[in-house]
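Student: This is the structure alone, sequence omitted:
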């Protein structure tokens, strides 16, 4: 058993736990009858050699100081476990790995599982032994003290990974882990991976300067990372024309790249691999929609009207309440990118957006869709996001509302950068100025220029080369009759072209 040696003067035979429980680590045990089986859950997942190197993220993990918390949070499919496993393997770090499940939501079982994982990690070393009782009845702080004493007794640097924390999350476990963080041994780095942002009490209890956070935006694959892997397995050299559609589908999502890679391993042409990914997408969307209640499907149909959304907008368009939004994100979050920014914006992943909207056709009547657009227009306007408010009014056919919004003076300072909603109002007769005929890709570039993104950042966002960005930018300047990106952004606002997120 993992624990600390018997303390001097203590009998090896103890009475049952008192009302306050014991106060040292020799009062816990790894009980094979109550703790979930650890034969596979305490093993670090294997990492295929074909996966791209994530040195960018490994460097972030390397920088985490001793006695610190590393919080890794992102929806399913973003490679949280894979990145951590790659890091541990590449750096040859001593570690204990525990993949949590629902049974670990009981703090006593959680403690037993954690100790069992440490015991598995140190099976070839001399480890403390003699933990006596199951830990039931112990207060969180007492359990935490016992656990940290055990970790201290190991006397070696250790990376302790709690994977799939969302499966075991409970008030009791959160309290136990928060207490552990207050006294985490100097040689231990605690890594928690979850599909959701960790509770604030865990983040707050990480000592100042000893918290490393890695989120969805960090885990997203960069264009160069995707391109390297695709080029490795594709037959012959590939140009932007061949890579572009696949990069758009992948949209930085590691799971999508993994599916592409499997197809390429079978010598499938790249174009066919992209088509195969699109077909798998249809099945995934159908499966997710099938898991939703009729109410949540209607709420999702309302959100699908928008290029970006957040919880307050969800409530404003009468899609549901706060709890409905969180339940929806629990089931459908895999199709989303976010949350982004202080307001917590989301957008649908490019792989899923069109397929989702197609599947949801008919879920709302034209009247219901127009009402949702009008409600969204009012919500955006109330927050100073006039361009988006106008765009939704026009999309909902409410030209009277759009005219009223157009007559408003332009706000001096936006609460946040305006976000792209409308890209196609060139033919709308209610617009006061004729819109130059920009191609869809030029509109994409113009939207990002308006956000003051560099050519390199735009190339990464759109999965194209910097040379292609420059070519589109020069074409935009010529069509708008301007000489630079700032003037192009001003012209876009005057023409009521949407500015993108």
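Tutor: Yep, it's here. The structure displayed is predicted, hence computed values, not measured ones.
Student: For residue 458, see how far away the residue lying closest to residue 321 once chain neighbours are set aside is.
Tutor: Spatial nearest neighbour of residue 321, chain neighbours left out: residue 315 (6.6 Å); criterion: C-beta to C-beta, 6 or more residues apart in numbering. For every residue, glycine as well, the C-beta is placed using N, CA and C. Using C-beta to C-beta, to the nearest Å, we find residue 315 at a distance of 33 Å from residue 458.
Student: Those two: who's more crowded?
Tutor: residue 458 (22 against 16; other C-beta atoms under 10 Å).
Student: Need the pLDDT of the more buried one.
Tutor: On the pLDDT scale, residue 458 is placed at 83.
Student: ok, it to residue 337 distance?
Tutor: Taken as C-beta to C-beta, the span from residue 458 to residue 337 is 17 Å.
Student: try residue 98
Tutor: 29 Å.
Student: for residue 283, same thing?
Tutor: 20 Å.
Student: neighbour count winner among the two?
Tutor: Each of residue 283 and residue 337 has its neighbours counted (other C-beta under 10 Å); residue 337 has more, 24 against 10.
Student: dump the residue contacts of that one.
Tutor: Residues near residue 337 by C-beta atoms under 8 Å, 6 or more residues apart in numbering: 216, 220, 251, 252, 346, 347, 348, 349.
Student: so how far is residue 329 from residue 322?
Tutor: 11 Å.
Student: These two: which is more packed in?
Tutor: Neighbour tally, residue 322 and residue 329, criterion other C-beta under 10 Å: the higher count belongs to residue 329, 20 against 11.
Student: And the helix or strand where the more buried one lies, how far out from the chain middle?
Tutor: Using DSSP states H and E, residue 329 falls within helix 322-332. Chain-centre distance of helix 322-332: 15 Å, with C-alpha atoms, centre = their mean, to the nearest Å.
Student: for stretch 364-373, same thing?
Tutor: 30 Å.
Student: picking that back up, any idea whether the residue nearest to residue 321 is helix, strand or coil?
Tutor: Under DSSP: H, G, I helix; E, B strand; the rest coil, the three-state class of residue 315 is helix.
Student: Chain neighbours aside, what residue packs nearest to residue 376?
Tutor: Nearest one to residue 376, counting by C-beta to C-beta, 6+ apart, is residue 392 at 4.8 Å.
Student: Tell me the spacing between residue 197 and residue 252.
Tutor: For residue 197 relative to residue 252 (C-beta to C-beta), the value is 19 Å.
Student: Those two: which is more packed in?
Tutor: Using other C-beta under 10 Å as the criterion, residue 197 and residue 252 rank with residue 252 on top: 24 against 16.
Student: can I assume that one is in contact with residue 221?
Tutor: Yes: using C-beta atoms under 8 Å, residue 252 is in contact with residue 221, at 4.9 Å.
Student: Next, count neighbours for residue 365.
Tutor: Neighbours around residue 365, by other C-beta under 10 Å: 9.
Student: Can you give me the domain assignment for the protein?
Tutor: As assigned by automatic domain parsing, the chain contains the domains 25-219, 223-290, 418-501.
Student: and residue 378, which of the ones you listed is closest to it?
Tutor: domain 418-501 (14.1 Å; C-beta to C-beta).
Student: Residue 365 is nearest to which of the domains of the chain?
Tutor: Using C-beta to C-beta, the nearest of the domains of the chain to residue 365 is domain 223-290, at 18.5 Å.
Student: Residue 51 touches residue 89, doesn't it?
Tutor: No: contact between residue 51 and residue 89 fails when scored by C-beta under 8 Å: they sit 10.8 Å apart.
Student: Which of the three states applies to residue 142?
Tutor: Under three-state DSSP, residue 142 comes out as helix.
Student: Output the below-cut-off pLDDT ranges for the stretch 1-150 of the chain.
Tutor: Along the stretch 1-150 of the chain, the parts satisfying pLDDT under 70 run over 1-39, 50, 123-138, 140.
Student: Please, where are all the strands along it?
Tutor: 68-73, 95-99 (DSSP state E, counting those that start in this stretch).
Student: Now do the strand or helix carrying residue 181: everything it contacts.
Tutor: Residue 181 belongs to helix 171-182 when assigned by DSSP H and E. With contacts defined as C-beta under 8 Å, 6+ apart, helix 171-182 is touched by 69, 104-107, 110-111, 140-141, 143-145, 147-148, 162, 190, 192, 199, 201-202, 204-207.
Student: Can you list which of the residues you listed are found in helices?
Tutor: Judged by DSSP state H, helices contain the following of the contacts of helix 171-182: 107, 110-111, 140-141, 143-145, 147-148, 201-202, 204.
Student: what's residue 374 in contact with, if anything?
Tutor: Residue 374 touches 392, 393, 396, 398, 401, counting by C-beta under 8 Å, 6+ apart.
Student: from memory the second one sits against residue 406, does it?
Tutor: No: under the criterion of C-beta under 8 Å, residue 393 lies out of contact with residue 406, with a separation of 9.3 Å.
Student: Looking at these two, which is more packed in?
Tutor: residue 393 (28 against 16).
Student: for that one, phi and psi?
Tutor: Backbone torsions of residue 393, given as degrees, to the nearest 10, read phi -60, psi -40.
Student: still on that earlier bit, can you lay out the contacts of residue 374 as a markdown table showing pLDDT?
Tutor: Shown next, in a markdown table, are the contacts of residue 374 (pLDDT from 0 to 100):
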| residue | pLDDT |
| --- | --- |
| 392 | 89 |
| 393 | 89 |
| 396 | 88 |
| 398 | 87 |
| 401 | 87 |
